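Novice: The amino acid sequence is not available; the structure is as follows:
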């Protein structure tokens, strides 16, 4: 007698399989409203997206393509005692003003804060009086305070000469590195740039490396940059202030500091402003605005078969065709910096902060302000609380940078 035929158990529906459902949710767009919307689908979705472990996975999964929730800046206060946040996304993904903010408690000591840069969801802050840097994650509120190595804590008439950059270790969401650079001006006739790297994995600073600066930098006061460093492949690039002829390059892998000559006479072309970019082939490039001709240019650095590097003009952009008519023709156009993950150049023109996406050449207005201030693009994956999409709640957090 044959045994009764066994029918296979039906496969679990996607919403009943936690592993499959988590993989689906993991691929939602990295916007603040994505997970709150998904939590309304069913109870399983709500339980998954509320798990902190899933939130970490979501951030790591989208680390290479984060949105631009807004900008961080030190405001208009000359004391520079607070870092403020200005949102750029539209509702329902808009993060409120001041949600990501860092406030200095003046009762514990004096001195200004300097915002050195943002990358991979981390923010780098320098406090000149305490000779410390702070690595801060505005989303998780994690803070790491690190003493600045000897020879790097410089200050001149209240202006910080120190520049730096922060980045997460590749494939590691826990550890980070900090690169600092400064002008060593003990010998006014032979100035050098110094650089040093801190690793959170080892908890120590590495060896100091240096490179001589061009003789043009020997006269007068010089900062490394007034714009954030740009990471291209495995090197950081800074643009010295008041000097459109050179870039400072720090190869993180080989620990080599070098000066890269521009060899393009931008002054003769009527260039007003410039920033380092990542070229379309993944190499070093720069974006410049030629005010006299009302055009922008994208240049890239090419190396031939003999290892000789040169600058090649990649694209010329007619600003009349790029900038909306209500802003076109207004001067000056100030280049604020480069948003690496969004491949966009940040501008200030006619009281409007905007971004130009270099691949599509789309111009997008971000926010308005008649006052120009230095701001840093904050690119990060932020998941809001489990609230209804029509009104996403955010827990406003202010961190105290105490001594």
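Specialist: Nice, I can see it. Just so we're clear, the structure is a prediction, and the values are computed from it rather than from any experiment.

Novice: Name the SS class of residue 45, please.
Specialist: helix (DSSP: H, G, I helix; E, B strand; the rest coil).

Novice: Run through the stretch 1-150 of the chain and note the low-pLDDT ranges.
Specialist: Low-confidence regions of the stretch 1-150 of the chain, defined by pLDDT under 70, span residues 1-16, 75-80, 104-112.

Novice: which residues in it form helices?
Specialist: Assigned by DSSP state H, counting those that start in this stretch, the stretch 1-150 of the chain shows helices spanning 18-26, 34-38, 43-49, 52-61.

Novice: which strands and helices sit next to the shortest one?
Specialist: Counting contacts by 3 or more Cβ pairs under 8 Å, 6 or more residues apart in numbering; DSSP states H and E, helix 34-38 packs against helix 43-49. (Glycine included, C-beta is placed from N, CA and C.)

Novice: which of the residues in the helix it packs on are buried?
Specialist: 44-45, 48-49 (16 or more other Cβ atoms under 10 Å).

Novice: returning to what we had before: buried deepest among the helices of the stretch 1-150 of the chain, which one?
Specialist: Burial of the helices of the stretch 1-150 of the chain is given as mean neighbour count (mean count of other Cβ atoms under 10 Å); helix 34-38 ranks first at a mean of 21.

Novice: hang on, the earlier thing: so which of the helices of the stretch 1-150 of the chain is nearest residue 235?
Specialist: Each of these was scored for nearness to residue 235 using Cβ to Cβ, and the closest is helix 52-61 (24.0 Å).

Novice: Let me know the angle separating the closest one from helix 18-26.
Specialist: When axes from the mean of the first three to the mean of the last three Cα atoms, to 10 degrees is applied, the directions of helix 52-61 and helix 18-26 differ by 50 degrees.

Novice: Pass me the low-pLDDT residue ranges in the stretch 201-350 of the chain, would you?
Specialist: When residues are selected by pLDDT under 70, those of the stretch 201-350 of the chain lie in 215-226, 242-244, 267-268, 270, 272, 330-331.

Novice: so where do the helices sit in it?
Specialist: Shown for the stretch 201-350 of the chain, the helices assigned by DSSP H, counting those that start in this stretch span residues 319-322.

Novice: Run through the strands of it in chain order.
Specialist: When secondary structure is read from DSSP state E, counting those that start in this stretch, the stretch 201-350 of the chain shows strands at 204-205, 209-212, 230-232, 235-238, 246-251, 256-261, 271-278, 284-290, 295-303, 309-318, 333-339, 344-349.

Novice: Note down every partner strand of the fifth one and its orientation.
Specialist: Read that as strand 246-251. Each strand pairing with strand 246-251, determined using DSSP bridges, is listed with its direction: strand 235-238 (antiparallel), strand 256-261 (antiparallel).
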